[in-house]
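J.: next come a sequence and a model predicted from it.
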Amino acid sequence: MFRFLDKEEEAKFRRWARDNYTPFTEISELWHPVVQDECRKMCKENQIHFQCELDGLSGETLNN
């Protein structure tokens, strides 16, 4: 159902996702699989960032 993208098109689709998707919101099945993949990567990146912040807070709390 989705067409194959060349490298330039794929980069544009990934850029679109970065510019338009808000992490942890719904990822539409209607979006191209490349866009969906980039959205999932963004969620994973934000989850790791959030977990690092939590780990840092718990470490600060333990040291006080």
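T.: Everything's here; your move. Numbering: from 1, shown residues only.

J.: every contact and neighbour count from this point should use C-alpha atoms.
T.: OK.

J.: what sits against the residue lying closest to E10 once chain neighbours are set aside?
T.: What sits nearest to E10 in space, not counting adjacent residues and going by C-alpha to C-alpha, 6 or more residues apart in numbering, is V34, at 6.8 Å. Applying C-alpha atoms under 8 Å, 6 or more residues apart in numbering, we find V34 in contact with E10, F13, R14.

J.: before we move on, which element is V34 in?
T.: helix 33-63 (DSSP states H and E).

J.: follow-up on the earlier one: tell me how far the residue nearest to E10 lies from Q51.
T.: 26 Å (C-alpha to C-alpha, to the nearest Å).

J.: on that earlier part again, could you identify the buried members of the contacts of V34?
T.: Among those, those scoring as buried are F13, R14 (criterion: 16 or more other C-alpha atoms under 10 Å).

J.: mind checking the SS state of R3?
T.: Recorded secondary structure, R3: coil (DSSP: H, G, I helix; E, B strand; the rest coil).

J.: any idea how far C39 lies from D55?
T.: For C39, the distance to D55 (C-alpha to C-alpha) stands at 24 Å.

J.: try D6
T.: The spacing between D6 and D55, counted by C-alpha to C-alpha, is 40 Å.

J.: on that earlier part again, compare C39 and D55 (neighbour count), which wins?
T.: Remark: of C39 and D55, C39 carries more neighbours, 25 against 12, as counted by other C-alpha atoms under 10 Å.
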